[in-house]
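# sequence-free structure coming up:
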């Protein structure tokens, strides 16, 4: 039944309703007669309000509204809609229950329940997104449309289908029991605010095409595949929504979606919080993603996007996963307390990650696996239960200016042919190593500060990286250890105050170590042992509690032009079965001998300079062998000390003629205390007695004793 009333007469019945206040004409409709609502629409003039009484209004055909200014209104009882417009997809031929498509139409619906039943189930995603799928309400016009406090349901279909260039307003609506709650496509720009969408078998909201608009302060939960699903270059802005339980992802992005997710809370049960693939390019900022049963954020298949200021906490797998050529930008995010790693990059992925906090994850802070080319700059990677950064399998990322501290395993672990650039980081206070290179790892490691780790640097098993200009100090168990056929290059570093050896070169290692400063260690300065080899040139090794350099085992190094001074024991100790060449080194101010050669060692010691002022020159132990050529030893006492069974060959030249002595049987006692000085640029040697007291320097040395003619020479060592 349709009753036509004067608007002024009806206003007193609904004193707080603007729908009545602005009406020119009011039609009161009750559901007693079939087709009453359709007749009211036909009778309606522009700016008519249709007031529906309680009950169900069953439609046999689509309710199409094309008149301007139509309001369909009902009162709520107990907070519930009591006027229901209902239809069957079978009766409607799979057409919408309500359709608003005329560009001249402007429609408001308030406190109405709309329900479309008997929609056939859809078998796959393409059918769900097809235009042929039934919808409860379809809006395709560009005029003003508003749905307020309405309840909408459409099992197996879409609650609202918003398309064309429409720009409807949805406010405080409740959409439920649909396949897709709200579907936006083409160039539509809806405004959706304070709505609740739930129990949708596919997704609560889905955007496609070039749809835009704003969705804010809504609640989405119990979506089958996702609560929010966006694709097709959509630029919709989702702001301050609450995303609850879902059988799939909180937000699923694909097909070049460019949506913005801002200040949303993804807190319910879900697999992945935000999943972006298929070249999607979203902006994701200031969201909270908690307790994902998969990952908090996953990017794949060439996805990109900007992720700023998000909190991703408590994921069961990686908090952030990036793979399959995805290249996002992450800045100022908190990534914490994941049961896996904080960030995982796989399979030719990349991206830029800067100024993030990656804290207290159960595995690595950052795991990089495969041909990954990413930049990590200025992040804090702290107190993770695994490695701080773990790179393996051909990774070639850049790690720079990060603070890596307090991780249970190594601060930075590099293995399996990875070739990263690690520059300007601080790696400190780890419970294991600071930096580990192993299993054919290479790369460049420059200007890092590595402090206070159990062992600061480990280079193992065929590692071949280059470490330069780093500061490596205060290691609890050692400074730098080379072991296992590593051929790494270690150049221009400062290594100091480590608890054991500042630098140790062990089994099979063959490094190049040059132009470093090793100082003030609590053990030895440089240890070379096992069957290690290597080339050591231009290093300054000073101020150690024990020997400056220790060479033992079956090692055979080449030490050239190093400075060893102020050691707490001997300058260089060579023992066991060690060999090697020691050429052009300068040793001074060591507490004991400059060279202590003992055990069954057999080195070649040539053209070194010893300035010891009475603390011992070159000492050869009982079984020592080797060749000692053209060394300059300035020493007031015990320049040479040679055991009785020594096999070493000591060559020197006395003034006025040459002689060679086998120390085992021919070196006389006074010869053992001779000081051997080479005149630079010649093969002439001058043998001066023990009263030669002046310390040689890089310039003119003038000194004689009474038993030898005066000699003035240029000595450069």
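Nice, thanks for sending it over. Everything numeric here is computed off the predicted structure, so don't read it as measured data.
# Secondary structure element holding the nearest residue to residue 121 once chain neighbours are set aside?
Take residue 121 and drop its neighbours on the chain: the residue closest to it by C-beta to C-beta, 6 or more residues apart in numbering is residue 156, 4.9 Å away. (Each C-beta comes from the backbone N, C-alpha and C, glycine too.) Applying DSSP states H and E as the criterion places residue 156 in strand 151-162.
# picking that back up, contacts only, for the residue nearest to residue 121.
For residue 156, the contact set (C-beta atoms under 8 Å, 6 or more residues apart in numbering) comprises 119, 120, 121, 122, 134, 178, 179, 201.
# Filter these down to the ones in strands?
In strands, judged by DSSP state E, the following of these are found: 178, 179, 201.
# list the contacts for the second one?
With contacts taken as C-beta under 8 Å, 6+ apart, residue 179 has the following neighbours: 119, 122, 128, 133, 154, 155, 156, 157, 158, 200, 201, 202.
# min pLDDT across those, which one?
Ranked by pLDDT, these bottom out at residue 128, which has 49.
# Give me the secondary structure label for the closest residue to residue 568 other than its chain neighbours.
Distances taken as C-beta to C-beta, 6+ apart place residue 545 nearest to residue 568, at 4.5 Å, with adjacent residues excluded. Here residue 545 is coil, with the state taken from DSSP: H, G, I helix; E, B strand; the rest coil.
# So residue 545 versus residue 590, what's the distance?
12 Å (C-beta to C-beta, to the nearest Å).
# show me where pLDDT drops low in the chain?
1-24, 122-132, 613-614, 635-717 (pLDDT under 70).
# which of residue 545 and residue 590 has more neighbours?
residue 590 (27 against 15; other C-beta atoms under 10 Å).
# Might you report the residue contacts of that one?
Listed by C-beta under 8 Å, 6+ apart, the contact partners of residue 590 are 548, 564, 565, 566, 567, 569, 570, 571, 612, 615, 616.
# give me every residue that touches the spatially closest residue to residue 35 that is not a sequence neighbour.
Leaving aside its sequence neighbours, residue 35 sits nearest to residue 60 (C-beta to C-beta, 6+ apart; 7.7 Å). If a contact means C-beta under 8 Å, 6+ apart, then residue 60 has 34, 35, 87, 91, 92 as its contacts.
# With residue 180 instead?
128, 157, 158, 159, 200, 202, 203, 204, 205, 206.
# Recalculate using a threshold of 10 Å.
Contacts here follow C-beta atoms under 10 Å, 6 or more residues apart in numbering; on that basis residue 180 touches 122, 128-129, 133, 135, 154, 157-161, 197, 200-206, 223-225, 229.
# picking up where we left off before, which among the contacts of residue 590 gets closest to residue 539?
residue 564 (8.5 Å; C-beta to C-beta).
# So residue 324 sits against residue 276, correct?
No: using C-beta atoms under 10 Å, residue 324 is not in contact with residue 276; the gap is 11.4 Å.
# higher neighbour count, the two?
The neighbour comparison of residue 324 against residue 276 (other C-beta under 10 Å) goes to residue 276, with 31 against 14.
# what bridges to that one?
Using DSSP bridges, the beta-bridge partners of residue 276 come out as residue 253, residue 299.
# pretty sure it contacts residue 229?
No: in this structure residue 276 lies outside contact range of residue 229 using C-beta under 10 Å: 11.3 Å.
# what touches both of the two?
Common neighbours of residue 276 and residue 229 (C-beta under 10 Å, 6+ apart) are 249, 251, 252, 253, 254, 257.
# which residues touch the nearest residue to residue 196 once chain neighbours are set aside?
Excluding the flanking residues, the one nearest residue 196 by C-beta to C-beta, 6+ apart is residue 219, at 4.5 Å. The contact partners of residue 219, by C-beta under 10 Å, 6+ apart, come to 174, 194-198, 204, 227, 241-244, 265.
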